[in-house]
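Chemist: below is the structure, and that's it, no one-letter string:
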């Protein structure tokens, strides 16, 4: 122990180029180290490891550890961690892994002269090494640092330790130092832990961009140590080169299967690739192995920005991998620094790992997907490792065939066919869609060119035609493509519509299967079918509001086919007031589709006209499909619908059930919401709401607004558009709320409902009574001025008159008053009350008053002169209550 204590004493050479860094962790030898007992995470660091450096500069530079240490101190993480004393590795410990020759060579470096170092430089360059007199001390301390970290965790003194050490070690083989490495720090530490503690099963996870050839060779035949490496391989051409880092290199003898290599075949691997390998290979094997201690060979040369590794792992990626490994071995974890040659990337990645060791959650990763290269590599590794580990499911690692870019689904082919057929045969045009309707229905809504001018409009809503497939053989189930075909009932019907000269809107409501993403955002749908119906209903509502209702058609016929029947009924239910004026017939060809409340839509019991309809089944009414003229003779009578909820004069705002999910509803505050089958949307003196802002009582007025282009030009020509909009609204007795967001619209509706039935003097009664309340109300209207600021102004300046007269310098001296707030206050008192609309009045008033002032000057003295008001005179009581009383 005496010798070990001597090894821990650090003597600093004042001429050393990094002598300033060696003083970063001073400690008196006479004072024993007593770390806090409540810390569970530790670190090992000594600036003396900077004694190994290249005079001309090198990638493996001392700044690799000093930058990490500086970042730890800057974030004050060292106060949350326990510092472990460092010591050099002993000969007996090193010989547990390395040969006697290796030990002797490293010991000899400290005695080499400058000439000997220069003469041997070429030899060591071939081994990717550089040596100097300080190499021996630094290499021994680096190895000893990892040993102390491993023993502290294995003996239960700490749960996790980060060893900030250099030079690295995972390339150092038992008989040869190489690749910037002299002693294999992790390998020696593992052997020492196995020798001195009860811990025997150790997992070494090496995420350095290079294969840890030295570590694998040290345990290649040892089943007590599981070595897993993720590294850039490139067919054995990337350092350290050779087939030893290939996926087929799985150990030998008793250690067969305990070496797992995940060799990346190219550069550029990122977070998604590493996380995919962890989830499919690393963690299943690690949990099956059940280690008692986990050691990470933490090389950060695969980090984004490292020019040597050329990969793209982010600090968050390293943090997530550390977080997963922390769940093994009861949380016993040692992190030993290996490579990493971009100083910023290495520092940031190391800090991200330390944050996880301290118990912080790793930073979230964005949505990502492993590359095709990574999934193929992981699959090949899984096939190899499944020979030795039962937890590896090769099937789950099998990559999907990436043929999406060159393949076409059957719905896509039918979409293209239908669009081409309708546009070439009937000269139909695609109807523009907006929002969420674009992706599922693009190219599936077409109309004839005379849509807005024709007096008769037929709306045909349907799904794809039925595919009739014939098999080559029952034994093979192969398709006979020549005898398979598509049944499309609409082809004959559209020819008849075209021959009669009617306008047509053709709507394919189910052009392709809905993805899980499309299903998830429909919150009010509880199952797949409900989601499909709801999406189709939204499309029909959009088409009615923006095209059908605005056309000149006096006769509109709805034809629904199959699953499209239910969305048509939803449209009639939601827009009945306007539909009953122009829709003259509804034909539902149901087939095997499931419908709900089929007859409730045709009679609303309000004494008005009915929407005639006929319900057909393809099997029972085949005659009707062959003779279209007979459809008109089969209009079905209707059953009564449930009574309509009449809007009341209560405090609740009545909302149509179809508006569930409307963002405006979420913005309505302080007003209750009552859902009911209302007749109309929100109109003057009727409290109801749907997303549309136009009135049903005057379609002509809304058409005037639409075709005048006012709705589109409101975005960029406010003055002219608002003026024309006001004229139309006044003429047609309409009220339109113009809002720039759903939050603003909800705020307006809330205020309107709250004061809808209040007496005119309601606001007057709520007027502030005392002076200080009025002061608070007036001043908080200034941007960035809150109630605390008002109290500061009142206590410091007394009255609003003093506040208005106070210079900016005086206001800036008040607590909490910056330049912006002071500027806002001064502008509130000094800027004139004018706007662009009154600029001409201001000029006239100013000119007139200037003339009157000139007359006064001629008659009176200079004291009679006053500044003209820009538009009107405003009389303000700027005095406080006491001053006003005195006045």
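Modeler: All right, it came through fine. A quick note: this is a predicted structure, and the numbers were derived from the prediction, not measured.
Chemist: CA only for contacts and neighbour counts going forward, please
Modeler: Fine.
Chemist: quick one: residue 133 is in a helix?
Modeler: No - looking at residue 133 with DSSP: H, G, I helix; E, B strand; the rest coil, it is coil, so not inside a helix.
Chemist: okay, the nearest residue to it once chain neighbours are set aside: pLDDT?
Modeler: Closest residue in space to residue 133, ignoring its immediate chain neighbours: residue 110 at 4.0 Å, by CA to CA, 6 or more residues apart in numbering. Note on residue 110: pLDDT of 92.
Chemist: next, count neighbours for residue 110.
Modeler: By other CA atoms under 10 Å, the residues close to residue 110 number 15.
Chemist: and it, how far from residue 135?
Modeler: Noted for residue 110: a distance of 7 Å to residue 135, by CA to CA, to the nearest Å.
Chemist: please apply the same query to residue 504.
Modeler: For residue 504, the distance to residue 135 - CA to CA - is 86 Å.
Chemist: kindly report the same for residue 190.
Modeler: Distance from residue 190 to residue 135, by CA to CA: 23 Å.
Chemist: show me the beta-bridge partners of residue 232.
Modeler: Beta-bridge pairing for residue 232 (DSSP bridges): residue 264.
Chemist: surely residue 333 touches residue 160?
Modeler: Yes - in this structure residue 333 lies within contact range of residue 160 using CA atoms under 8 Å: 4.8 Å.
Chemist: spell out which residues are contacts of both of those two.
Modeler: Shared contacts of residue 333 and residue 160 (CA atoms under 8 Å, 6 or more residues apart in numbering): residue 153.
Chemist: domain parsing for this protein?
Modeler: 2-9+39-397, 410-634, 657-754, 768-830 (automatic domain parsing).
Chemist: deepest-packed of those, please.
Modeler: For these, the largest average neighbour count (mean count of other CA atoms under 10 Å) is found in domain 2-9+39-397, namely a mean of 21.
Chemist: quick one on the thing from earlier: least reliable of the domains of the chain by average pLDDT, please.
Modeler: Across the domains of the chain, the lowest-scoring stretch is domain 657-754, with a mean of 60.
Chemist: residues contacting residue 824?
Modeler: 782-784.
Chemist: which stretches of the stretch 451-600 of the chain form strands?
Modeler: In the stretch 451-600 of the chain, the strands defined using DSSP state E, counting those that start in this stretch lie at 456-463, 466-468, 485-487, 503-510, 555-561, 583-589.
Chemist: out of the ones you listed, the one nearest residue 666 is which?
Modeler: strand 503-510 (29.1 Å; CA to CA).
Chemist: and the closest one, which strands flank it?
Modeler: Per DSSP bridges, strand 503-510 is paired in its sheet with strand 445-447 (antiparallel), strand 456-463 (parallel).
Chemist: of the ones you listed, which is nearest residue 221?
Modeler: strand 456-463 (64.9 Å).
Chemist: from the contacts of residue 824, which is closest to residue 81?
Modeler: Nearest to residue 81 out of these is residue 784 (CA to CA; 42.7 Å).
Chemist: and that closest one, how far is that from residue 823?
Modeler: 11 Å.
Chemist: between the two, which contacts overlap?
Modeler: Counting by CA under 8 Å, 6+ apart, nothing touches both residue 784 and residue 823.
Chemist: isn't residue 112 right up against residue 133?
Modeler: Yes - at 6.4 Å, residue 112 and residue 133 qualify as touching, with contact defined as CA under 8 Å.
Chemist: which ones are touching residue 260?
Modeler: Contacts of residue 260 (CA under 8 Å, 6+ apart): 226-229, 247, 249-250, 385.
Chemist: how about a cut-off of 7 Å?
Modeler: 227-229, 250 (CA atoms under 7 Å, 6 or more residues apart in numbering).
Chemist: determine which two of the residues you listed are furthest apart.
Modeler: 229 and 250 (11.0 Å).
Chemist: quick one: what helix or strand has residue 730 in it?
Modeler: helix 718-731 (DSSP states H and E).
Chemist: before we move on, what about residue 88?
Modeler: Going by DSSP H and E, residue 88 is not in any helix or strand.
Chemist: give me the secondary structure label for the nearest residue to it once chain neighbours are set aside.
Modeler: Excluding its sequence neighbours, the residue lying closest to residue 88 (CA to CA, 6+ apart) is residue 141, at 4.1 Å. Following three-state DSSP, the label given to residue 141 is helix.
Chemist: next SSE downstream of the helix or strand hosting residue 654?
Modeler: Element membership of residue 654, judged by DSSP H and E, is strand 653-655. Using DSSP H and E, the helix or strand that follows strand 653-655 towards the C-terminus is helix 663-666.
Chemist: contacts for that next one?
Modeler: 742-743, 745-746.
Chemist: dump the residues you listed to TSV, plus distance to residue 798 and secondary structure.
Modeler: What follows is the contacts of helix 663-666, written out as TSV (distance: CA to CA, whole Å; DSSP: H, G, I helix; E, B strand; the rest coil):
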residue	distance to residue 798	secondary structure
742	42	helix
743	38	helix
745	40	helix
746	39	helix
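Chemist: so what does whichever strand or helix holds residue 353 touch, helix or strand wise?
Modeler: Here residue 353, judged by DSSP H and E, is contained in helix 343-357. Counting contacts by 3 or more CA pairs under 7 Å, 6 or more residues apart in numbering; DSSP states H and E, helix 343-357 is packed against helix 63-74, helix 315-325.
Chemist: show me what the next helix or strand after it is packed up against.
Modeler: Per DSSP H and E, the first helix or strand lying C-terminal to helix 343-357 is helix 372-385. Contacts defined by 3+ CA pairs under 7 Å, 6+ apart place helix 372-385 against helix 394-397.
Chemist: I'd say residue 371 and residue 273 touch.
Modeler: Yes - taking CA atoms under 7 Å as the definition, residue 371 is a contact partner of residue 273 at 6.4 Å.
Chemist: nice, that's everything, thank you.
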